[in-house]
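Asks: With the sequence up front, the predicted model follows.
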Amino acid sequence: MEAVTATPPATPKQTNSKGNERTTLQKLGLPLALLALVIIVMLPQPEGLPIAGQRMLGLLVFSVILWMTEGVSYPVSAGVILAMMTLFLCDHLSSPRT
């Protein structure tokens, strides 16, 4: 009778949209983009720039970093960016005007 040895299941490799294995820069793309977004939003507000403008500048930097590093696929990044725009502006748009 043959001895049966159990082989551990292979861990799936992370691949990018082209089917290649993800690089370190791609793995760090989303955390770097989020860090840049938080830093820009937490900076003191410049004179003449509304808070919504500062948030959108942060989101712009977030988007550019995400696209340059290909941290997530383009369709996913589009959904994330639209959701973040909604969240960042919803309190600004819903506040009563006096």
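Replies: Done, it's in.
Asks: roughly how far out does stretch 38-54 sit from the chain middle?
Replies: 19 Å (Cα atoms, centre = their mean, to the nearest Å).
Asks: To clarify, my last question referred to stretch 65-77.
Replies: 7 Å.
Asks: Outside of that stretch itself, list whatever touches it.
Replies: 16-17, 25-30, 32-33, 36, 63, 80-81 (Cβ atoms under 8 Å, 6 or more residues apart in numbering). Placement of C-beta: from N, CA and C, glycine included.
Asks: Okay, buried residues for that stretch please.
Replies: Neighbour counts over stretch 65-77 (16 or more other Cβ atoms under 10 Å) mark 65-66, 69-72, 77 as buried.
Asks: got the end-to-end distance for that stretch?
Replies: 11 Å (Cα to Cα, to the nearest Å).
Asks: For that stretch, give the mean pLDDT please.
Replies: Stretch 65-77 shows a mean pLDDT of 89.
Asks: One more: stretch 22-30?
Replies: 82.
Asks: Flag every buried residue along that stretch.
Replies: Quick answer for stretch 22-30 (16+ other Cβ under 10 Å): 26, 29-30.
Asks: quick one: the helices in this structure?
Replies: 24-42, 51-69, 74-94 (DSSP state H).
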